[in-house]
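> Sequence and predicted model, in that order:
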Amino acid sequence: MKKVLLLFFIGLFSNCFSQKTKQDSIIEKYTKKCAYQFHYLSQGWEDCINEGIKADSTIAIFWHHKALPLWKTRKYELALKSYDKAVKYDRKEYLGRRGFLKSIFLKNYTEALKDFDASIKEFGDGIQNDHSYDFYRSLCYLQLNDFDKALKLMQTEIDKIKKQSGEDWVSPLCYFYTGIIYYEKRDYKRAVEELDRALKLYPNFSDAEYYKALNLYKINNDFRTYLESARLAKKDYDKGLTFKEGDSPYEKYPYEVNWYMINLDD
């Protein structure tokens, strides 16, 4: 009986290894030797990935790559349909990533939280674009006006980074959003303190400068000083001193200043 079981497991392992080797070969053929020869927004990329899916539709990375240009061109419905299949075929690799995409691209914060929570429960914490899931979960709660949960999670993110790597590794965005949360909680003095921390790490960060000016106006009710500070922030924005996240050229992040909506006239 033991011998039969041993032979069974040897055969099972051999079949799995053979299947993985075959899929690795297909992936290399349609990615490194095909799709990666083109920009991801080109038709050549699309053609290569579609051929890969025809060869084996259960390979998750093909669905991830099929969705990539769709996210970047804001064809969100189609992008999510493809990405759902990436999650189906490799849940560990793509579930948390889908949460990130839902939070930053789709702006569907409730559904993003479901993905992050499930991924943490099943696989533990993860990183997306240099931030852990707690950072994005905090943004989701911020956008759902649950400021207490947002604050708790952002503080958890900050404490975690300090413990693991030191204070110098804390992203200025962590302090920026902590300042935003305090602004929404109408604790304007604490908001200024947090925004100053962001500006210490990222001098002339225009969005932090603007919200600092707004909070100081709430404290002092000095419109002239607010207007002068806001104009200086706009000049820094014009120099490109704004959000520098990997996907920020494609998508607005929460509370990223929309200067078209701000009147800087006297």
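Nice, thanks for sending it over.

> what about the helix or strand encompassing residue 179, average pLDDT?
In the assignment (DSSP states H and E), residue 179 maps to helix 172-184. Helix 172-184 carries an average pLDDT of 98.

> Likewise for stretch 70-86?
On average, stretch 70-86 scores 97.

> and that stretch, which residues are buried?
Buried residues in stretch 70-86, counting neighbours by 16 or more other Cβ atoms under 10 Å, are found at 70, 71, 72, 76, 79, 80, 82, 83, 85, 86. Bear in mind the C-beta positions are built from the backbone N, C-alpha and C, glycine included.

> now what about stretch 206-224, what contacts it?
172, 176, 179-180, 183, 186, 188-189, 191-192, 195-196, 198-199, 202, 225-226, 229-230, 232-234, 236-237, 241-243, 255-257, 262 (Cβ atoms under 8 Å, 6 or more residues apart in numbering).

> that older thread, now the helix holding residue 179: buried residues?
172, 173, 174, 175, 176, 177, 178, 179, 180, 181, 182, 183.

> Then stretch 255-264?
So, applying 16+ other Cβ under 10 Å, buried residues of stretch 255-264: 255, 257.

> how far does that stretch stretch from start to finish?
18 Å (Cα to Cα, to the nearest Å).

> I'd like the average pLDDT over that stretch.
95.

> which residues of the protein fall in strands?
127-128, 131-132 (DSSP state E).

> from the chain's centre, how far out does the helix holding residue 179 sit?
Remark: helix 172-184 is offset 17 Å from the chain centroid, using Cα atoms, centre = their mean, to the nearest Å.

> if I look at the most centrally placed residue in the chain, how far off is residue 92?
By Cα atoms, centre = their mean, the mean C-alpha position of the chain lies nearest to residue 100, the distance being 4.4 Å. For residue 100, the distance to residue 92 (Cβ to Cβ, to the nearest Å) stands at 15 Å.
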